[in-house]
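fold the following, please.
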Amino acid sequence: MKRIYLLLLLLLLAGPYLYAQAATERKPVIKAVENEKRLKLYPLEADAYINIYIEWPEMQAFTIAIYNNEGLLQHEWKEKAAKNYQKALSLANMPEGRYYMVVQGAKEAFKKDFIISRTK
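Numbers count the residues shown, from 1 in each chain. Below is the predicted model of the structure:
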């Protein structure tokens, strides 16, 4: 019983220290900003597919993520290093609604809103 009590006391005392140490070791988050020149989506109100155009100042690998209007991740993938990137992305498996795309590079991140609408 004494061992359990000592173990719990040790965890209570060391817990905040361990948490604070882990928090300082995290990588800094790069804030995503809108940049019309670097990230282009067409059309902004799409039904079947959306064209993605990305231009970087230098070659780099990057991640593309799509979030719904509530901020929940819907789709994410990584791309190899490139200076210019182009892709037609199918929206067939995604429901109608508002979304935003975040493109995360090594030093900067961009975001752009778009809508999936299939009503005619």
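
from memory residue 73 sits against residue 65, does it?
Yes - the criterion here is CB atoms under 8 Å, and residue 73 meets it with residue 65 at 6.1 Å. In this view, the C-beta of every residue, glycine as well, is placed from N, C-alpha and C.

list the residues that contact the residue nearest in space to the middle of the chain.
Nearest to the geometric centre of the chain sits residue 65, at 4.4 Å (CA atoms, centre = their mean). Contact analysis of residue 65 by CB atoms under 8 Å, 6 or more residues apart in numbering lists 73, 75, 76, 101, 102, 104.

and residue 80, what pLDDT?
pLDDT for residue 80: 96.

ok, and the closest non-adjacent residue to it?
Leaving aside its sequence neighbours, residue 80 sits nearest to residue 61 (CB to CB, 6 or more residues apart in numbering; 5.9 Å).

tell me which helix or strand comes right after whatever helix or strand that neighbour lives in.
Counting by DSSP states H and E, the element that carries residue 61 is strand 49-68. Once strand 49-68 ends, the next helix or strand along the chain (criterion: DSSP H and E) is strand 73-90.

buried residues in that following strand?
Within strand 73-90, the residues scored as buried using 16 or more other CB atoms under 10 Å are 85, 89.

roughly how far does residue 114 sit from residue 94?
Distance of residue 114 to residue 94, computed by CB to CB, to the nearest Å: 11 Å.

JSON lines for the contacts of residue 65, including pLDDT?
Converted to JSON lines, the contacts of residue 65 look like this (pLDDT from 0 to 100):
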{"residue": "73", "pLDDT": "94"}
{"residue": "75", "pLDDT": "93"}
{"residue": "76", "pLDDT": "95"}
{"residue": "101", "pLDDT": "95"}
{"residue": "102", "pLDDT": "94"}
{"residue": "104", "pLDDT": "94"}
